[in-house]
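Engineer: Got a predicted structure here, sequence first:
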Amino acid sequence: MKKLIINISLIIVFIIIYLLQTTFFTSFTIAEIKPNLFIILMLYIGLYMGRSYGIIYGISYGIFIDIWIGRNIGITSICLAFIGFLGGVFDKNFSKDSRITILLMGTICTVLYEVALYILRNIIIGIDAEVIEFLRILLIEVIYNILLLIILYPIMKFTGYEIENEIKGDKILTRYF
């Protein structure tokens, strides 16, 4: 029953984040660039629920984002699934207790997501975007996501461990011994 509540909560959080991305953050941009809260959400899911959940949620959320925004379906889902998978890999190799570690994970995920999205759009759609402009957007988005991670870290840590205990069970400490 708790797993169902967790999954429904994550769907509601996704809808709230989508609404924030499309309404609130259009007014609060840095150099007309918005943060990407979906990257933070997928990192969170991958870290606390595991690689398989990260991939499943990444594909699902990516398809919905592509449908709602009207882009080519599949590009965003591949990138978000990759971030969810990467969050699961980070969970196995790094501690989630350090704010600095989470900020580094967020930075790496933002950079990899945007680079993968840029490459896939160039290959599939054939968009010729300028590299200098892409790097400027990437830098500002990384800074914006880091600021949001600093604010959201206490909430992520508290709810994340609750979700991890429910999803992964009591097997958490066994991987260290």
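Structural biologist: Looks like it arrived, so ask away.
Engineer: contacting residues for the residue nearest the centre of the chain?
Structural biologist: Residue closest to the mean C-alpha point of the chain, counted by C-alpha atoms, centre = their mean, is Ile39 at 2.2 Å. Applying C-beta atoms under 8 Å, 6 or more residues apart in numbering to Ile39 gives the contacts 80, 83, 106, 109-110, 113, 145. Yep, even glycine has a C-beta here, placed from its N, CA and C like the rest.
Engineer: who touches the helix or strand bottoming out on mean pLDDT in the chain?
Structural biologist: Using mean pLDDT, DSSP states H and E, helix 25-27 stands out as the lowest-scoring helix or strand of the chain, at a mean of 79. Residues from elsewhere that reach helix 25-27 (C-beta under 8 Å, 6+ apart): 34-35, 37.
Engineer: so what's Ser52 closest to, chain neighbours aside?
Structural biologist: With sequence-adjacent residues excluded and distances taken as C-beta to C-beta, 6 or more residues apart in numbering, Ser52 is closest to Gly88, at 7.5 Å.
Engineer: Okay, the one you found and Asn122: tell me how far apart.
Structural biologist: 27 Å (C-beta to C-beta, to the nearest Å).
Engineer: ok, now Leu4?
Structural biologist: Leu4 is 40 Å from Asn122, by C-beta to C-beta.
Engineer: for Cys109, same thing?
Structural biologist: Using C-beta to C-beta, we find Cys109 at a distance of 20 Å from Asn122.
Engineer: So which of the two has more stuff around it?
Structural biologist: Neighbour count, other C-beta atoms under 10 Å: between Cys109 and Asn122, Cys109 has more, with 25 against 13.
Engineer: shouldn't the more buried one be in contact with Phe85?
Structural biologist: No. With contact defined as C-beta atoms under 8 Å, Cys109 and Phe85 do not form a contacting pair (10.5 Å).
Engineer: pLDDT on the host helix or strand of Leu147, on average?
Structural biologist: Counting by DSSP states H and E, the element that carries Leu147 is helix 131-168. Average pLDDT, helix 131-168: 88.
Engineer: Having no further points to raise, I will conclude here.
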